[in-house]
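S.K.: show me the folded form of this:
(3 chains)
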Amino acid sequence: MECLEANKEKKIVFLRNNLIEWGKTNYAAFPWRETNNKWHALVAEIMLQRTNAEQVVPVYESFVESYPSPKEFLFERNTNIFQSLGLHWREAQLRSLAREIYNLGYIPEDKNSLLKLPGVGDYIAAAFRSFHLNIRDVIIDSNVVRLYGRYFGFETDPETRRKKWLKELAAEVTPYINHKEFNYALLDFTRNICKPQPQHKECLLRNLCCFAIDNNDSKY
DNA sequence: TTCCTGCGTA
DNA sequence: TACGCGGGAA
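M.R.: Predicted coordinates:
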């Protein structure tokens, strides 16, 4: 934990600037990142939970084609769209979400209202706000926890993401300007570089990363 | 075998 | 706070 407190401010600035810079040339243009349809944006978030983004692409494209709004989706009883993605209960959950949005007549923007929507938790609410409403918010998923753990130097487990101190750290790191670019870079960087089997040689954070420093390994 | 933009429930 | 969910890809 010494590694975390040492030069903390410097490390935060370094992390922000380098991730945003890295993102400029490594941004993944997934179709749900380009859409202006907020319904589709939420659908994508549901499809993406614990699911490989590459696998979601064809399923999402097909969905967008068939259901431009909650109304069309609600018109069909059972679409089996999650057949190839697993976690099949998400269809029923998505149906509840569609019903709720249809009844409301709009998709809310404030955090509390979003969190009341079925299937929308801390992560999806934050991602939706930052990516599709351009409202600065803090995203924390399993990959983000892994990166922060390695970079700042602390052990993580499946419950770490819900700890208050982790949320405070993530909030401190997430910039107010360019929050969207930073958050996208965070997702792309943890998927391609700081992944479970990390690509240390390609990591632009390694000079200040506790994982590399603590392992005192010249090969990094 | 592990992992994938988590969530609701108990 | 802990647990179940799931097919598909690496």
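S.K.: could you use CA atoms for every contact and neighbour count after this?
M.R.: OK.
S.K.: which residues of chain A lie near DNA strand B?
M.R.: A:30, A:32-33, A:45, A:48-54, A:115-125, A:127, A:141-143, A:187, A:191, A:195-196 (C-alpha under 7 Å from any atom of the strand).
S.K.: how close does residue A:183 get to residue A:16?
M.R.: Remark: distance between residue A:183 and residue A:16 (C-alpha to C-alpha, to the nearest Å) = 10 Å.
S.K.: more neighbours, these two?
M.R.: A direct count of neighbours by other C-alpha atoms under 10 Å for residue A:183 and residue A:16 places residue A:183 higher, at 26 against 21.
S.K.: look at the more buried one and give its secondary structure.
M.R.: Here residue A:183 is helix, with the state taken from DSSP: H, G, I helix; E, B strand; the rest coil.
S.K.: hang on, isn't it packed against residue A:139?
M.R.: Yes - applying C-alpha atoms under 8 Å, one finds residue A:183 in contact with residue A:139, separated by 7.0 Å.
S.K.: joint contacts of residue A:183 and residue A:16?
M.R.: Common neighbours of residue A:183 and residue A:16, using C-alpha atoms under 8 Å, 6 or more residues apart in numbering, are residue A:174.
S.K.: average pLDDT across the helix or strand where residue A:95 lies?
M.R.: According to DSSP states H and E, residue A:95 maps onto helix A:90-104. The average pLDDT for helix A:90-104 rounds to 96.
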